[in-house]
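Model the following, please.
(2 chains)
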Protein chains: 2
Amino acid sequence: MSYSNRNRKGLLLGFPEYSAPARGLAAAAGLDYAEIDVHHFPDGESRVLLPEPLPERLVICRSLNQPNEKLVELALAASTARELGAGEIILVAPYLCYMRQDKAFHPGEAVSQRIIGKLLASWFDGLITVDPHLHRVHHLQDAVPVAKAKLLNATEAMAVYLDSRLDNPVLIGPDEESEQWVTAIAQRNQFEFHVARKLRFGDSDVQVTLPDADYRGRHIVLVDDVASTGRTLEAASRNLIPYQPASISVMVTHALFVDDAQERLKDAGVDKIWSCDSIIHPTNRIALAESLAQALI
Amino acid sequence: MSYSNRNRKGLLLGFPEYSAPARGLAAAAGLDYAEIDVHHFPDGESRVLLPEPLPERLVICRSLNQPNEKLVELALAASTARELGAGEIILVAPYLCYMRQDKAFHPGEAVSQRIIGKLLASWFDGLITVDPHLHRVHHLQDAVPVAKAKLLNATEAMAVYLDSRLDNPVLIGPDEESEQWVTAIAQRNQFEFHVARKLRFGDSDVQVTLPDADYRGRHIVLVDDVASTGRTLEAASRNLIPYQPASISVMVTHALFVDDAQERLKDAGVDKIWSCDSIIHPTNRIALAESLAQALI
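Predicted coordinates for the structure are as follows:
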């Protein structure tokens, strides 16, 4: 194996559980691809094996949903890559973990965004991610203080996917935070769009107020950056049913879909769910490889 | 809450899954005890909440079997404790993880002992652990480069437990590495002891050769530092059966017992299993609180 001779741009290393999107990204970016071998011992420890030799510039691609074990394995991989001579290591994490806990909501609470961000910055020289769920911290480098940080929007890839799929759809952002994504997609495709208002009373108690519009007989697409419990999208969909739309679809960047979120969305009248491949999920329809490759070049 | 006023020695913080031994240690060391609250979100992220206020000197007690998630949570806890003003933080990890991978057995393999050791040393000022499974690295501080490191043997606690339990037992170490533990326990109690020879052909293919001795009608105790797959102890026990001993028992420090190890030991003729409480397990009989407290004072 001699990647460095074959390709001056360098090598992209993937992990087994995120192999297909990482291979797609390597192909789109003109990088060689190799896979890090991970073995999980029965006692819960991980063995990480890197391919050799490594070039000077290295890209490691791993998406950080269900992150704790992956973080420890990233530490093992990045530190080993340094020992094997890698100079610059860029992390491509299409889904970035621990971005929501950006302040202590109770005294004594770990501000995990800052702590995990510093760990990642100690292992990597650069970070590329897609639509991280930033609230109070507005710049990615304030959360993850790497030398180079790039934050991509999935909206271009989503807009392209949606362009020819539905006849004159109406896009709805289920809360104020989703306004940025829904606006970007709708404006590119010249679609009608609206933004709902959300009141949250608890983890699973959410009230969504739709703006008044003529949804009857229309194809509705609910757009959000992440579907976790899916409660917000569920509430929005239920409120749409009385308007008798032609269909209700959900389009999200990050398909976390914890617990029975997907079934609840179906029960709430959602016909189709489309997601980007930042998190591997049966609803994946939109590949982010081209967008990520642009950020790598 | 004002621990620092009540106790000049400081505070010991435990975690929910290792609460009882940590409370026992706090009591034995004359420290106040409080528990770190850990919540696991459905998306796999952890929320860590420390009690407040924290004193200048802090002990955090967590055993690191099944370590990956615990390591990330230790990073969150230690970093938060620093932010809350803790000056010195000592980690008491009765079972210490990632001690076996102390060299690259294949090119490109992560030397996890060194990498995880450096991470622990970046979070903690001191470390106390019990019988870590060190091979080629002989000093704990070479593996975990903290300012203060103490390595305890469980042999004193094991010897006390065994002293009045069996009538004139024979102790056997199933391989050369176990010689140090079996010798210490046997000599303190003036028990007969032997050390077997082991040949390993694979993870679960182990051949143990017993030294020739008169085991007939005797109570045999197989002594080792860790029981993981239990294959070595299983092989030793099977070889003892033809000698017709009165009983075969197993005494280990760290009760990992992965997969069906415990059932296989029973099938191989083992009557009783006794373990220390470095890893919570139904076989726990020997508390390490007193030994650990001596190291803390």
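
What lies in contact with stretch A:70-79?
Counting contacts by C-beta atoms under 8 Å, 6 or more residues apart in numbering or on different chains, the residues outside stretch A:70-79 that touch it are A:13, A:15, A:36, A:38, A:46, A:48, A:50, A:60, A:62, A:64, A:89, A:91, A:97, A:116, A:119-120, A:123-124, B:67-68, B:71-72, B:110, B:112, B:115-116, B:118-119. Placement of C-beta: from N, CA and C, glycine included.

Using the record's assignment, carve chain A into domains.
A:11-153+A:288-296, A:155-277 (automatic domain parsing).

Could you work out the end-to-end span of the last one for me?
Across its full length, domain A:155-277 reaches 13 Å between end residues, using C-alpha to C-alpha, to the nearest Å.

now the domains of chain A as JSON lines including mean pLDDT and mean neighbour count?
Output for the domains of chain A, formatted as JSON lines (pLDDT from 0 to 100; neighbours: other C-beta atoms under 10 Å in any protein chain shown):
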{"stretch": "domain A:11-153+A:288-296", "mean pLDDT": "96", "mean neighbour count": "20"}
{"stretch": "domain A:155-277", "mean pLDDT": "95", "mean neighbour count": "19"}
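
Any chance of a markdown table for those domains, columns distance to B:Ala157?
Below are these laid out as a markdown table (distance: least, C-beta to C-beta, whole Å):
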| stretch | distance to B:Ala157 |
| --- | --- |
| domain A:11-153+A:288-296 | 22 |
| domain A:155-277 | 43 |
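
Next, A:Ala261: phi, psi?
Dihedral angles of A:Ala261 (phi, psi; degrees, to the nearest 10) stand at phi -60, psi -40.

and what of A:Ala149?
Torsion angles at A:Ala149 (phi, psi; degrees, to the nearest 10) stand at phi -130, psi 130.

coming back round to it: if we compare the domains of chain A, which one ends up closest to B:Ala293?
With C-beta to C-beta as the measure, domain A:11-153+A:288-296 is the member of the domains of chain A nearest B:Ala293 (25.9 Å).

distance between the ends of the closest one?
12 Å.

From the chain's centre, how far out is it? Work that out for me.
On the basis of C-alpha atoms, centre = their mean, to the nearest Å, domain A:11-153+A:288-296 sits 12 Å off its chain's mean C-alpha point.

Give me the secondary structure label for A:Ser278.
Here A:Ser278 is recorded as coil under DSSP: H, G, I helix; E, B strand; the rest coil.

Could you check how far the spatially closest residue to it that is not a sequence neighbour is from A:Leu292?
Leaving aside its chain neighbours, A:Ser278 sits nearest to A:Pro94 (3.6 Å; criterion: C-beta to C-beta, 6 or more residues apart in numbering or on different chains). Between A:Pro94 and A:Leu292 the computed distance is 7 Å (C-beta to C-beta, to the nearest Å).

Identify the contacts common to those two.
Common contact partners of A:Pro94 and A:Leu292 (C-beta under 8 Å, 6+ apart): A:Val130.

Show me what A:Val250 is bridged to.
In this entry, A:Val250 is beta-bridged to A:Leu222, A:Ile273, by DSSP bridges.

can I assume A:Glu239 is in contact with A:Ala213?
Just to correct that, residue A:239 is Asn rather than Glu. No. A:Asn239 lies out of contact with A:Ala213 (C-beta atoms under 8 Å); the separation is 12.0 Å.

Please enumerate the helices of the stretch 51-200 of chain A.
A:67-83, A:112-123, A:140-143, A:155-163, A:179-189 (DSSP state H, counting those that start in this stretch).

and the third one with chain B, contact?
No. With C-beta under 8 Å from any C-beta of the partner chain as the threshold, helix A:140-143 lies outside contact range of chain B, at a closest distance of 14.2 Å.

CA-only coordinates of that helix in PDB, if you can.
Written as PDB, here are the backbone C-alpha positions of helix A:140-143 (Å, rounded to 0.1, in the frame of the first residue of the first chain):
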ATOM      1  CA  LEU A 140     -18.100  26.300  15.300                       C
ATOM      2  CA  GLN A 141     -14.600  27.200  16.400                       C
ATOM      3  CA  ASP A 142     -15.900  28.500  19.700                       C
ATOM      4  CA  ALA A 143     -17.300  25.000  20.300                       C
END
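
helices or strands next to it in the packing?
Counting contacts by 3 or more C-beta pairs under 8 Å, 6 or more residues apart in numbering or on different chains; DSSP states H and E, helix A:140-143 packs against helix A:112-123, strand A:148-152.

can you list the residues of the stretch 151-297 of chain A near chain B?
The stretch 151-297 of chain A has residues A:Ser228, A:Thr229, A:Leu256, A:Val258, A:Asp259 near chain B, with proximity defined as C-beta under 8 Å from any C-beta.

Just name the closest of these to A:Asp102, please.
For those, the nearest to A:Asp102 is A:Ser228 (16.1 Å; C-beta to C-beta).

Double-check the closest one against A:Leu256; I have them as touching.
Yes. The pair A:Ser228 / A:Leu256 is scored as a contact, 4.5 Å apart, by C-beta under 8 Å.

tell me, what's touching the two both at once?
Joint contacts of A:Ser228 and A:Leu256 (C-beta under 8 Å, 6+ apart) are B:Asp43.

Of all residues in chain A, which one is nearest the centre?
Geometric centre of chain A, nearest residue: A:Tyr95, 3.5 Å, by C-alpha atoms, centre = their mean.

Next, the contact list for that one, please.
Residues in contact with A:Tyr95 (C-beta under 8 Å, 6+ apart) are A:Ser63, A:Leu64, A:Asn65, A:Thr129, A:Val130, A:His254, A:Ser278, A:Ile279.

Likewise for A:Phe124?
By C-beta under 8 Å, 6+ apart, A:Phe124 lies in contact with A:Ile60, A:Ala78, A:Ile89, A:Ile90, A:Leu91, A:Val146.

likewise A:Leu292?
A:Leu25, A:Ala28, A:Ala29, A:Val92, A:Pro94, A:Ile128, A:Val130, A:Leu152.

thinking the third one is in contact with A:Ile297, fair?
Yes. Counting by C-beta under 8 Å, A:Ala29 touches A:Ile297, with 6.3 Å between them.

And for stretch A:110-119, what's in contact with it?
For stretch A:110-119, the external contacting residues (C-beta under 8 Å, 6+ apart) are A:67, A:71, A:75, A:97-104, A:137, A:143-145, B:45-50, B:72, B:75-77, B:79-80, B:83.

Quick check: A:Ala81 touching A:Leu91?
No. Using C-beta under 8 Å, A:Ala81 is not in contact with A:Leu91, being 11.0 Å away.

joint contacts of those two?
Both A:Ala81 and A:Leu91 are contacted by A:Ile60, under the criterion C-beta under 8 Å, 6+ apart.

Identify the residue of the stretch 51-200 of chain A closest to chain B, quick one.
A:Gln66 (3.5 Å; C-beta to the nearest C-beta).
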